[in-house]
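**Q** Sequence below, structure please.
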Amino acid sequence: MPFHIVVTNTGLVGATNVVVSDPFPAGLTYTPGTATAAPTTGFSETTGTASAASWTIASLAAGASVDITVPLTTDP
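**A** Purely as a prediction, here's the structure:
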């Protein structure tokens, strides 16, 4: 089950080294390193566990958005 996080810079200037952190709901598990982003330029995972992750977006222009897709699995 993919989970989407959309990050938008609503400011008037670009942002650098934007950190996105998210704990996942109980009953769902994340496999570290499997998240993707569109656009992918400058996107990297900084930490990841089965229950939470953090990613860095190197630069995000004013008005731009990044869609992070996080594949989660349901716990048995």
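
**Q** Dihedrals phi and psi, the closest residue to Ala58 other than its chain neighbours?
**A** Distance criterion CB to CB, 6 or more residues apart in numbering; nearest residue to Ala58, sequence neighbours excluded, is Gly42 at 2.9 Å. Heads up, the C-betas are built off the backbone N, CA and C, glycines and all. Main-chain torsions, Gly42, degrees, to the nearest 10: phi 80, psi 10.

**Q** tally of neighbours for Gly42?
**A** A total of 15 residues lie near Gly42 under the criterion other CB atoms under 10 Å.

**Q** Then the one 5 residues further on?
**A** Counted with other CB under 10 Å, the neighbours of Thr47 add up to 12.

**Q** for Asp75, same thing?
**A** Neighbourhood size, Asp75 [other CB under 10 Å]: 9.

**Q** Now the phi/psi pair for it, please.
**A** With angles defined as degrees, to the nearest 10, Asp75 sits at phi -70, psi 150.

**Q** Please apply the same query to Gly48.
**A** Gly48 adopts backbone torsions of phi -160, psi 130, taken as degrees, to the nearest 10.

**Q** these two touch, right, it and Phe24?
**A** No - using CB atoms under 8 Å, Gly48 is not in contact with Phe24; the gap is 10.5 Å.

**Q** Need the residues touching each of those two.
**A** Contact with both Gly48 and Phe24 is made by residues Tyr30, according to CB atoms under 8 Å, 6 or more residues apart in numbering.

**Q** if I look at Thr47, how far off is Val19?
**A** From Thr47 across to Val19, the span is 10 Å (CB to CB, to the nearest Å).
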